[in-house]
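Enquirer: any chance you can model this:
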Amino acid sequence: HRGTAFWAPESTEAAYRWAREAGVDYLECDLQLSSDGILVVVHDDNILDKTDVKDKFPEKAVEKNGKLLFYVKDFSLKELRQLDAGAWFNNEDHKNEWRSSFANQKLLTLEDVAMIAKGNRIVNYDSEGKATYEADPEWNGNVPGLYLDTKEPRQNPGQDIERKLYTELDRLGWNIATNPSSDKEFYKGGKINVGNTNGKVVFQTFSKESLSTLN
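Expert: Have a look, this model is predicted:
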């Protein structure tokens, strides 16, 4: 659930790579849209508490009931990649789990998590926030599926997150409607193989409308 969220900052590369190596069947991801229509993996629509957004982009705050809010939908991917999504974890609440390397973990895209599931790691990001990947030397062969939650479709009215999700899964080779798999074994050679089967993607949502559209 959001990667190994107890052991590493939730929904970051560190958490998802750790979960993959631990042998989970699925990597759970909460999906939202950036202002430029990119599917990003973030649980809370307000990213104040788990990034340094207040320091990086104070001008993007929205005041509501006396509180400052910073909504994912108001940021481009380029802007989101500039945020530190890991340093918040290195505090007294996680004194037995935190690591200095968690600082400056980035917010991820759906593509990032799909690439991690297939045994890759992120090398760097270009000036627009696009990631470059390479085979992860720590990969032990597990290929989990993706458990995807269209978390806040109401935050992006008219953006059709479900259609964008379908199209992105198609581009990434994870859409079994257009690219079915012949592999049926969820476990192979003692390793997780879910991500190579027709069970590779599971959808969930709290929105009945979103669920209907996904169906």
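
Enquirer: residue boundaries of the helices in the protein?
Expert: 13-22, 53-56, 77-80, 110-117, 161-172, 208-214 (DSSP state H).

Enquirer: give me the residues contacting stretch 46-65.
Expert: Outside stretch 46-65, the residues within contact range by Cβ atoms under 8 Å, 6 or more residues apart in numbering are 9-10, 44, 68-72, 74-75, 79, 82-85, 87-88, 107. Using the backbone N, CA and C atoms, a C-beta is placed for each residue, glycine as well.

Enquirer: of those residues, grab the buried ones for ChimeraX.
Expert: The buried subset of these, as determined by 16 or more other Cβ atoms under 10 Å, is captured in ChimeraX by this line:
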select :9,10,44,70,71,72,74,75,79,82,83,84,85,87,88,107
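
Enquirer: dump the helices of the chain to TSV, plus mean pLDDT.
Expert: As requested, the helices of the chain are exported to TSV (pLDDT from 0 to 100):
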stretch	mean pLDDT
helix 13-22	98
helix 53-56	98
helix 77-80	98
helix 110-117	98
helix 161-172	96
helix 208-214	84
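
Enquirer: reformat these as a markdown table; add distance to residue 194.
Expert: Below are the helices of the chain laid out as a markdown table (distance: least, Cβ to Cβ, whole Å):
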| stretch | distance to residue 194 |
| --- | --- |
| helix 13-22 | 11 |
| helix 53-56 | 34 |
| helix 77-80 | 28 |
| helix 110-117 | 9 |
| helix 161-172 | 15 |
| helix 208-214 | 19 |
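
Enquirer: show me the strands in this structure, by range?
Expert: 26-33, 39-41, 62-64, 67-69, 108-109, 120-125, 131-135, 145-150, 187-188, 191-192, 201-204 (DSSP state E).

Enquirer: what sits against residue 37?
Expert: 159, 164.

Enquirer: what about it, distance to residue 109?
Expert: 11 Å (Cβ to Cβ, to the nearest Å).

Enquirer: before we move on, what about residue 151?
Expert: 14 Å.

Enquirer: from the centre of this protein, point out the most distant residue.
Expert: The C-alpha centroid of the chain is most remote from residue 66, which lies 29.9 Å away (Cα atoms, centre = their mean).

Enquirer: shaky segments in the protein?
Expert: For the chain, applying pLDDT under 70 flags the ranges 152, 157-158.

Enquirer: quick one: the most centrally placed residue in it and residue 113, what's the gap?
Expert: With distances taken as Cα atoms, centre = their mean, the residue of the chain nearest its centroid is residue 41 (3.0 Å). Taking Cβ to Cβ as the measure, residue 41 falls 6 Å from residue 113.

Enquirer: overlap in contacts of the two?
Expert: With Cβ under 8 Å, 6+ apart as the test, residue 41 and residue 113 both reach residue 29.

Enquirer: check contacts around residue 164.
Expert: Counting by Cβ under 8 Å, 6+ apart, residue 164 has contacts 33, 37, 39.

Enquirer: mind redoing it with 10 Å?
Expert: 31, 33, 37-39, 110, 150, 156 (Cβ atoms under 10 Å, 6 or more residues apart in numbering).

Enquirer: what do you get for residue 4?
Expert: By Cβ under 10 Å, 6+ apart, the neighbours of residue 4 are 10, 12, 14-22, 24, 97.
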